[in-house]
Every structure is written in structure tokens, then in C-alpha cells.
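**Student:** Provide a 3D model corresponding to the input given below.
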Amino acid sequence: MRKLLAAGVVSLGLLGSCLSAAQEASADDSGSGAATVQSAEGAVSAAEVSVPLPEDLDESSQELDEAISLPAPAALEEQEPAAAADAPQDESGVAEGIVAPDPVASAPDDEADCRARVAAAIAHGSESPVPCVTWGASATTAELRAAADAWPTPKWCGEHGANGKWYVTRFKACGVFPSDLTVTDVRTGQVTGRMHYLAVAYAYSKRDIKTWAYQVELLEVTSSGSAKGSSASGKATCAGKCKVAESKFPSQLMGASKDPVGQFFLDTTIQTSPKGQQGEGQASAAWRFTNPEWAAPSNDVVLPTPPVRCDNALPATSKAGCVMPYIAEMVYAKNGEFPELAQHIEYAQNTENLPGKHGTTRYLTRLTDRVKIRGNRTTACPSSIVRPPNKSCDEYPFASTWQGASTGGGNFSRRMINATQNEDGGRALSRFYLYNRIIEKDKFLVWIK
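**Tutor:** Predicted coordinates:
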């Protein structure tokens, strides 16, 4: 299967050497200056990666085109994945974001379909066993086996056991879905074979490529009777603004040491021009089981990913990229390189009750209009305010958000802080926007540690 993966990368001509990087943490800087990025020359401090403020650049900047393609800072690996099915709610009680599919919730319908398959076989006088697959009960993480042939999944993928939920970060989605194969003798109505298996699903995207990948690995937990010796095969489809670039899930034998793997590449179909295009796509993997003892295959099992948004709307860079439905967080540390900036934001969030605080759904949303950004800065920090020596005026919420001093209706906080910290902290925010593909009106939070 490693050859299968390599062939997929070569034929697409897009992922190239970035595949291994995609299995590392994807892009974001902690804001504390402690994160690192890897280059061919070795580890480089993220603070040394000079990312200009987008509003200071032309609409398409070679500087940001190069910066966005740097290997991802390792800090994002520490991000806590969110359960995609548990969409947060805003203050009005309306669900925020995209709710990922929950195939386990359809188990009763699947079971009813299986009963109908058996009844239809009996009505037609069939004497062949009828195999049927339904989403099953939970299994423990201990039942997960290491698989040598599949792409390595994130370390957090199995931490919740096989609970049938997707967990997402900005560039990765992973989940473990329990399922059962049952074989019924239509002449007697007796079950002649069972298999309990786990579907480990993993999808990942890249911030500078309009292609994303999806893998499904099937791990047999137990099997008996006429379910033994079954093989799995499948294909992928994509709904919305996407198409299947490559779909490989050939027939593979299930067994205690054999884990069938399907691997797929999806391309967004949004236009590369004009600037500002975006659209969602949702890939689905479908597979079925066959067995020499059965006259017909099982029903198809379908597992869709969370929707993936691709865009060419990131300011000052011409490169398109794709992200998962995850609300990113900018992190500033009070003991980091910008302590005065972090202290001001903490005061603004806690004392002034301004939005954007970690653990809330009072999000900040990015503003990219240069004129409105300047208006926010002028409202919060007019030139008439005296700046003490070595100090500059810092405002919160950020001028580059719709919650800023002007566009947010006048609720803001300002404070004179160390000028160097203010400038460098702003550039750290620009790296956060860049590495996480935070585009116009994307939600995010600010975590003060």
C-alpha cells in the first residue's frame, strides 16, 4: 500500500514532498514566539520567519506565496481536536459551524435495511447467504492495531475510542467508526457468520494546495463462521465543489493481520480566478464485502468526511488551499515574547468583557478590507494621543477584525505597551492568519496562557 500512496502522489503532481509534512502538525504559530518551523537547513524559530502584515502588501505577494509554503510549525500538533459532531452554539442558541456526519446515528435504519434484504431474498426463493453491514457498538482503544501499510494517523485519533465521531483540527480530521458484518442463512433465518471491525477514517488538507486526501482503513476485531475470509473493496465520491482525482480501494482480504486500506485524493473545483473564490466539498468513501461463500456482495457502507472548504481568498497570496471546519485559536503567552500585549488582551477579555476569549463562542471574525482596518486603528488609537517613549498604542479587539473599534460599534480597549512587543505581536497574528488560512469573516479565538 505504500506503493499505492506513492503512485497517488506522483500522478497528481501536486502533493510531492509535502506528504510527510502533512502527517506532521499543520500550520499555526502560537504567538508566544516559542514555535519552530523546519526547513532544509534545520529548525528555525517562527519569530524569525518574517511575515509582513497583509494590508501592507499588494494583492498578490511573492513574500507570502513563499511563506505559506514553508513546512508547518510544530505548535499546531498540540492543538486539541474538536468533536466535529458537537457544533458549538452562539449566544442565540444557533449551531455554529458545520456539523459533521454521524453515521453511527443511522444504525437503526441500517438494521431495518438489512432485515428488508433478508426478506427480499426469502421472497425470491434464494438459498444463498445474505451479508449485511451495519454501524455497530463502541470498541475500546486497545482494540486498535498498528497498521504498517496505511498513512500514520494523528496521535489523538484513537484517544476517544471507537465512538463513531469525527475529530478535527484546522487541517486534519480523524475518527474511529465501529461496524458489524452479519451473514444470514435465508432458509433457516440463522446467523451463520459475524465480523466486528473498525473503520479508521483520516482526512487531511494543506494550506497551499487545492487537493486534499482521505483514507479509510478497516481493522478486523473478531470474525466467525461464514464472515471469515471476506474481502473489502470500494471507491470514493465527492459532493459539492470538488471532484475525485484518484480513488484506490482494490479488493483486499480481511483478517487478523490484514487491514484493507482505501486511499483517495480530491480536488476542489473552485476557480483559481478571480480572487476571492471559495467553496465546500465533502468526500465519501463507500465499500462492500465479498466472500466465495456468498452469491452476492454485502450492501455498501458509506462514510462521508466533514466538509472541506477550499479558497483562493487569503489576502496577499495567490495560492489556493483547503481547511477543515475547525475554529482556530491564536495563543499569546504572558511569559512569552509579548507579555505586555498578552496582559492587555487578558484585561480586555476579562475586565472589559470583550469578545474572542478562549472557551467561549463570542468569536472574533477577520476583516480584510484595508480601509476599514485603518478606520479601526484610527478610532482606537488616533494620532492625537500622546505615546510615551518606547511605547505604542495597542487596541483590542484587533483592527483586523469586524469587532474592531470602528466596525465593532465602539466597544474596545486601548493601552500603551512596549512598541517592539506590539509590532512583533502583530506580525505573529499575521502568521496565524496565514498559516491557518483565516480569510474574510472566518471565526477565531484568542487564548491567553
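**Student:** Could I get the full set of strands for the stretch 101-250 of the chain?
**Tutor:** 130-135, 167-168, 172-184, 191-204, 211-225, 231-240, 242-248 (DSSP state E, counting those that start in this stretch).
**Student:** Nearest to R374, out of those?
**Tutor:** strand 167-168 (34.7 Å; C-beta to C-beta). C-beta coordinates here come from the backbone N, C-alpha and C atoms, glycine included.
**Student:** neighbouring strands for that closest one, and are they parallel or not?
**Tutor:** strand 82-83 (antiparallel), strand 172-184 (antiparallel) (DSSP bridges).
**Student:** gap between the first one and the chain center?
**Tutor:** Looking back up the chat, that one is strand 82-83. 10 Å (C-alpha atoms, centre = their mean, to the nearest Å).
**Student:** outside of that strand, which residues touch it?
**Tutor:** H160, K165, W166, Y167, V168, T169, Y326, I327 (C-beta atoms under 8 Å, 6 or more residues apart in numbering).
**Student:** I'd like these laid out as CSV, including pLDDT.
**Tutor:** Compiled in CSV, the contacts of strand 82-83 are given as follows (pLDDT from 0 to 100):
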residue, pLDDT
H160, 86
K165, 92
W166, 94
Y167, 94
V168, 94
T169, 93
Y326, 92
I327, 94
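**Student:** Need the max-distance pair from these.
**Tutor:** Across the contacts of strand 82-83, the longest distance by C-beta to C-beta is 19.2 Å; it joins H160 and I327.
**Student:** comparing the strands paired with strand 167-168, which gets the lowest mean pLDDT score?
**Tutor:** Here the strands paired with strand 167-168 differ in mean pLDDT, and the lowest is strand 82-83 at a mean of 80.
**Student:** you'd agree G262 is up against W287?
**Tutor:** Yes. Using C-beta atoms under 8 Å, G262 is in contact with W287, at 6.5 Å.
**Student:** Which one's more surrounded, those two?
**Tutor:** Neighbour totals were compared for G262 and W287, and G262 leads with 28 against 24 (other C-beta atoms under 10 Å).
**Student:** hey, C-alpha coordinates of the helix or strand hosting the more buried one in CSV?
**Tutor:** Using DSSP states H and E, G262 falls within strand 261-268. Only the C-alpha atoms of strand 261-268 are listed here, as CSV (Å, rounded to 0.1, in the frame of the first residue of the first chain):
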residue,chain,number,x,y,z
VAL,A,261,-7.0,0.4,3.0
GLY,A,262,-8.7,2.8,0.6
GLN,A,263,-6.8,6.0,-0.3
PHE,A,264,-8.3,8.9,-2.2
PHE,A,265,-7.3,12.3,-3.5
LEU,A,266,-9.9,15.1,-4.0
ASP,A,267,-9.5,18.3,-6.0
THR,A,268,-11.5,21.4,-5.4
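**Student:** Pull up the pairing partners for that strand, direction included.
**Tutor:** strand 211-225 (antiparallel), strand 242-248 (antiparallel).
**Student:** Figure out how far the longest one is from the centre of its chain.
**Tutor:** Its chain's C-alpha centre lies 20 Å from the corresponding centre of strand 211-225 when counted by C-alpha atoms, centre = their mean.
**Student:** and that strand with strand 191-204, angle?
**Tutor:** Strand 211-225 runs at 160 degrees relative to strand 191-204, counting by axes from the mean of the first three to the mean of the last three C-alpha atoms, to 10 degrees.
**Student:** Point out where the stretch 1-150 of the chain drops to low pLDDT.
**Tutor:** Low-confidence regions of the stretch 1-150 of the chain, defined here as pLDDT under 70, cover residues 1-61, 71-79, 85-107, 125, 127, 136-149.
**Student:** Helices of this protein, residue ranges please.
**Tutor:** Using DSSP state H, the helices of the chain run over 2-12, 18-22, 62-68, 107-123, 339-350, 370-380, 419-435.
**Student:** Quick one: closest of those helices to Y214.
**Tutor:** Comparing these by C-beta to C-beta, helix 2-12 comes nearest, at 11.1 Å.
**Student:** still on that earlier bit, so which of the strands of the stretch 101-250 of the chain comes closest to R366?
**Tutor:** strand 167-168 (19.3 Å).
**Student:** which residues sit against the closest one?
**Tutor:** Counting by C-beta under 8 Å, 6+ apart, 81-84, 100, 156-157, 160, 173-175, 306, 324-326 sit against strand 167-168.
**Student:** and with 10 Å instead?
**Tutor:** Here strand 167-168 makes contact (C-beta atoms under 10 Å, 6 or more residues apart in numbering) with 80-86, 97-98, 100, 154, 156-157, 159-160, 173-176, 203, 305-306, 308, 323-327.
**Student:** and these, which are buried?
**Tutor:** The neighbour count (16 or more other C-beta atoms under 10 Å) marks 81-82, 84-85, 97-98, 100, 154, 157, 160, 173-176, 203, 305-306, 308, 323-327 as buried among the contacts of strand 167-168.
**Student:** just for the stretch 251-400 of the chain, where's the confidence low?
**Tutor:** For the stretch 251-400 of the chain, no range has pLDDT under 70.
**Student:** sorry, back to before: adding distance to C393, write the strands of the stretch 101-250 of the chain out as JSON lines.
**Tutor:** Shown next, in JSON lines, are these (distance: least, C-beta to C-beta, whole Å):
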{"stretch": "strand 130-135", "distance to C393": "56"}
{"stretch": "strand 167-168", "distance to C393": "37"}
{"stretch": "strand 172-184", "distance to C393": "38"}
{"stretch": "strand 191-204", "distance to C393": "41"}
{"stretch": "strand 211-225", "distance to C393": "41"}
{"stretch": "strand 231-240", "distance to C393": "44"}
{"stretch": "strand 242-248", "distance to C393": "45"}
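**Student:** can you tell me which of these comes nearest to A150?
**Tutor:** strand 211-225 (4.6 Å).
**Student:** Mind listing what's buried along the closest one?
**Tutor:** Applying a neighbour-count criterion of 16+ other C-beta under 10 Å, one finds T211, W212, A213, Y214, Q215, V216, E217, L218, L219, E220, V221, S223 buried in strand 211-225.
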